Structure formats: structure tokens, C-alpha cells
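S.K.: with the sequence up front, the predicted model follows.
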Amino acid sequence: MENHSGRLVLVPSPFQGHITPMLQLASTLRLKGFSITVAHTHFNFPDPSNHPHFEFVPILDGLSDHAHISSQNFIAIASTLNTNCVSSLREFLIQITKENVEHERIRCIIYDGLMYFADAVAKQLGIPTIVFRTTSATNLLTYHAFARLRSNGYLPLQDSRSFDQLMPELDPLRFKDLPIFNLPNSDAMLQQIEKSLEVRSSGVIMNTVDCLEGSSSLGELRKLYEVPFFFVGPLHKMAPDSRVSFFKEDNRCMCWLNKQASKSVLYISLGSIACWNEKELTEMAWGLVNSKQPFLWVIRAMPFNINGSGSDWVESLPEDLKEAMGERGCIVKWAPQKEVLAHRAVGGFWSHCGWNSSLESLCEGMPIICQPYFGDQRVNARLLSHVWRVGLEWSNVIERGEIERAVTRMMVDEQGREMRLRAVELKDKIRLSVEEGGSSFKALNDLQHFINTLSL
Ligand code: UDX
């Protein structure tokens, strides 16, 4: 396909849950006629051979080759990138602007909200920008609430008795659902959030969909921003062919799934960043075994980095436990998650409630046992359990008895069956949104026209 609508430079954040939707967005925009350049950090550089139609340009990030991501250093890495990448991105943009091929001129820069340095660099060079927010719209609203909560004396959170209270103007979220809750580095996160909200681009793209968040959040966001919003999600359904995994998917689990009864299997994956220790892993395993339900479990090597190096936790499971699991459990280091969630044998998902996993689950009509760890995951878990009512809220205590009870509620009890029915209704609504004439389909067309109005 020849693309003559001009070039878009995309600046993703190098984390799995962020680069995935950014490259999906890139695929949808390429189909609209734009040429795509992805300006990416050396850290966690994606495999360009999976995206032969994009140009990939490395930007220097100053991180060590051995850097890895965990929930402890996530914010520190994001902050470092915003300092270290400035000059490399600027040099690249100056060079490409000088080359000045008429139909290939940069229309605009689309950057991940975590990579807010890109906005300042672009503005210095007179290039328009659009920010891409990879989390839910509700989560973005919580970011805007921080200043108000602070000035009203609610923050910093101090009194544990108030953690369960509903937050003013953010109902049904509670104080303990705030993305900064329980983070050892919550001040650093607040600073990052404030910096990312200071910059104002020409528009905001969100990987969400009207039928999930349109009525609750869009109006509020429009009061806060004077620029257009585009709810173009779920992007994995808008760009189904886009493959973006940093890790190698183990497809053998699909053969195992083929042998299981319909809706019988619990799929467990806690995303690409959350960490757990050996004791928690053992308790989870016994809880699963004692529930007597078949399960497919992703146990990542940790710490996670692109080379996949790190401890192999599966091998550390005690022998008697491995024996007790027998054929009922299948364990892999990384699964083809979207295919797994769509498989007829899978009947529930035990998830950390990252936004991509939440959307992928909703799109397949799959109810979720919510185990949020940090950041937006708490907000998503609350939406899943209390707004869409397809998520199971439980004690979140990693102890075998608690886990066995939660799994039984989801996979055996009436409660799980009801959640599954509601999830299927939502799946149908989301499907209509991405089809021709649906809200996300229209939002993507609006985005295309909007980009075309930005000056070349
Ligand atoms: C991070 C944050 O944790 C999350 O809260 C935020 O919304 C985005 O950034 P992550 O932990 O990577 O995300 O979770 P998530 O957003 O769910 O993304 C994980 C992605 O990895 C999903 O697209 C999922 O399909 C994929 N995945 C996960 C696999 O392909 N295979 C697996 O085995 C596990």
C-alpha cells in the first residue's frame, strides 16, 4: 500500500502493556494511509520483522543493557527516559525534517502519556502532538483528582480507616483504589503524573470504548480538556494482526486446552510487571490444586526483561505439589493470551487487571478474578467488579484456602455463572462498537480527519 497522507512519528513507552496498544494504534493508522515511524528506546526494542511496514528508529536512552522492569523501578525508569531521550529524539526529528520529502512530512507526533518529554521536543520544532493514554478513561480522571484531593486534605493517605471509603466525585472508587495506593514510591509516581498532565497536546487518544466508559468519563474529561478525545479501543480488535510480545509465546498450551471440557479451565496471568515470591507461588499452586479445577497458568521468569533472563520459578515448586497438579494444570512462561481467552475451554481469568488484559477479557466475554497489584490495576479491578459486574472481588490474601474459595466461586458457583452471562452481553456491545458504524469505528475515522487538519 502506498501511503500519501503524511508521516506519523510514534513514541511508545517501552513496557509491554504500553507498546502493545501503541503498535496496534500504528497498524490502524497505517491502514488509514499514514506512513509510520516508531521512535523507540534501545531498552526493550521491539522486533521490527513483526512490523515490516513500519520504520523503526532507535533513540538513545542511557539505560544499562541489564536494565529490567519491576513494580519497584517502573516509575524510576519512566522518569529517567524523560530526561535521557530528549536530545536523541530532537536530533532525529531535525534530520527527518531537513530531508523534507513533500508527502512524507511529519503530520504529528503521537506519544505515550508516560513519555511526555516528546511533547516539549516536538513543540520546540513546531510539530503538532497528540497524546495516547494507554489506560482507562476512569484512571485518567483519578490523575486529575490528585491535586483536588491534596488541597482538600485527603492526600497523602494516612488513616487506614478511611481506605474503604468512597472517594468524593469518583464513586464507586475507594481511597484504596487510587493508583498511588500502597506504592513505596507514591511521591515519585505523583510527580510523574503531574508532569504528564502539565503538557497539553492537540488531542487525546484513548484505548477505551464508549459502551464501557463513554457515559461515565467522557463528559468529565471534556470539562478538563479543551481538545478532542478519541475513544478508539479496544485496539487489539481494531488491529487484530498486530503481534507485539517481547516474550516468546508457548503455543503448546493450545493443544492442552483442546483436550479440556468447554468453559472448564481457569486461565491465570498476572501481566508483565507484577512480581511474587516463592511462598506466594506455592500458596497459589496449592489453592489451585485444592479447587480441583483445571488451570492454565503463566509463570514468567523474573525479573522480567527482554532477554527473558531471571529465576525459573516453576522449577522451584516442591515435587509433591507438581505431582498433585498432575494433568490438571498446564504451566507456561508466556501464553498467546488473546487466543487463550478466546478458546472454548476457558471459563474464567485470574488477572492482575492490567488494562490490556481487562479489555482482552471483556472482548471474549470472560469473567475475571481480580488481583490488582499496583497503579491503574486497582481502578480497573473496581470497574470490573462494581461497574460492569464481571469481576470477582475477594480478600486478595495469597493463602491457599482463600484462593480455593475464590476459584470455586468463579468456576463452580452461581456467582461465576451470572458474571459469565453479563460478560457475554458486554462482549456483544464491544463487538458492535468496532464494526462499521460503531463508536470506535467512527472515532478512528474522526481521528484520521483530525490528523489531516493538523498543519504540514
Ligand atoms: C502494565 C500495567 O501493569 C498495567 O496496569 C497498565 O494498564 C499497562 O501497563 P502489564 O502488566 O503488562 O501492564 O499488563 P497488561 O496491560 O494486561 O498487558 C499485558 C499484555 O501482555 C496483554 O496484552 C497480554 O495479552 C499480554 N500477555 C500476557 C501475553 O501475551 N501472554 C501472557 O502470557 C501474558
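M.R.: Ah, there it is.
S.K.: from here on, contacts and neighbour counts on C-alpha atoms
M.R.: Fine.
S.K.: what about the residue lying closest to Glu399 once chain neighbours are set aside, neighbour count?
M.R.: Ranked by Cα to Cα, 6 or more residues apart in numbering and with sequence neighbours excluded, the top spatial neighbour of Glu399 is Glu283, at 5.3 Å. When neighbours are defined as other Cα atoms under 10 Å, Glu283 has 19 of them.
S.K.: same deal with Gly375?
M.R.: Neighbour tally, Gly375, other Cα under 10 Å: 20.
S.K.: cool, and Pro48?
M.R.: Quick note: Pro48 (other Cα under 10 Å) scores 14 neighbours.
S.K.: ok, now which ones touch it?
M.R.: Pro48 makes contacts with Phe54, Glu55, Phe56, as judged by Cα atoms under 8 Å, 6 or more residues apart in numbering.
S.K.: which residues touch Pro21?
M.R.: Thr134, Asn207, Leu235, His236, Asn356.
S.K.: next, the buried residues of the helix or strand of the chain with the lowest mean pLDDT.
M.R.: One helix or strand of the chain scores below all others by mean pLDDT, DSSP states H and E: helix 186-198, with a mean of 84. The neighbour-count check on helix 186-198 (16 or more other Cα atoms under 10 Å) flags Ser186, Met189, Leu190, Gln192, Ile193, Ser196 as buried.
S.K.: picking that back up, within reach of the ligand, which of the contacts of Pro21 are there?
M.R.: The residues of the contacts of Pro21 that also fall near the ligand, by Cα under 6 Å from any ligand atom, are Asn356.
S.K.: show me the shaky parts of the chain.
M.R.: 1-3, 100-103, 240, 302-314, 455-456 (pLDDT under 70).
S.K.: what does it put close to the ligand?
M.R.: Near the ligand, when you scan the chain using Cα under 6 Å from any ligand atom, you find 16-18, 135, 245, 269, 271-273, 298, 334-338, 354-357, 376-377.
S.K.: can you select the buried ones from these in ChimeraX?
M.R.: Command for ChimeraX, covering only those of those found buried under the criterion 16+ other Cα under 10 Å:
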select :16,17,18,135,245,269,271,272,273,298,334,335,336,337,354,355,356,357,376,377
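S.K.: restricted to helices, list the residues of the chain next to the ligand.
M.R.: By the criterion of DSSP state H, membership of the residues of the chain next to the ligand in helices covers Gln16, Gly17, His18, Gln337, Lys338, Trp355, Asn356, Ser357, Asp376, Gln377.
S.K.: name the residues that touch the least confident helix or strand of the chain?
M.R.: Ile75, Ala76, Ser79, Gly113, Leu114, Met115, Tyr116, Tyr143, His144, Ile180.
S.K.: ok so, going back, gap between the residue nearest to Glu399 and Trp276?
M.R.: 11 Å (Cα to Cα, to the nearest Å).
S.K.: Gln260: how many residues sit nearby?
M.R.: Applying other Cα under 10 Å, I find that Gln260 has 16 neighbouring residues.
S.K.: give me every residue that touches it.
M.R.: Per Cα under 8 Å, 6+ apart, neighbours of Gln260: Ala345.
S.K.: what's it sitting at in phi/psi?
M.R.: With angles defined as degrees, to the nearest 10, Gln260 shows backbone torsions of phi -100, psi 160.
S.K.: helix, strand or coil for Pro14?
M.R.: On the three-state scheme (DSSP: H, G, I helix; E, B strand; the rest coil), Pro14 is labelled coil.
S.K.: shouldn't it be in contact with Ala39?
M.R.: No - look at Pro14 against Ala39 with Cα atoms under 8 Å: they stay out of range, at 10.6 Å.
S.K.: would you list the contacts of Pro21 in a markdown table and tack on distance to Ala324?
M.R.: Output for the contacts of Pro21, formatted as a markdown table (distance: Cα to Cα, whole Å):
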| residue | distance to Ala324 |
| --- | --- |
| Thr134 | 40 |
| Asn207 | 41 |
| Leu235 | 40 |
| His236 | 37 |
| Asn356 | 32 |
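S.K.: most neighbours, which of the contacts of Pro21?
M.R.: Counting by other Cα under 10 Å, top hit in these: Leu235 with 28 neighbours.
S.K.: now do the contacts for that residue.
M.R.: Counted by Cα under 8 Å, 6+ apart, Leu235 has contacts Pro21, Gln24, Leu25, Asn207.
S.K.: not counting sequence-adjacent ones, nearest residue to Ser291?
M.R.: Glu404 (4.9 Å).
S.K.: Val86 - how many residues pack around it?
M.R.: 17.
S.K.: tell me who's in contact with it.
M.R.: Phe117, Ala118, Val121.
S.K.: distance check, it against the ligand.
M.R.: Between Val86 and the ligand the distance is 23 Å, computed by Cα to the nearest ligand atom, to the nearest Å.
S.K.: again with Arg105
M.R.: For Arg105, the distance to the ligand - Cα to the nearest ligand atom - is 31 Å.
S.K.: go on, Ala26?
M.R.: Counting by Cα to the nearest ligand atom, the gap from Ala26 to the ligand is 15 Å.
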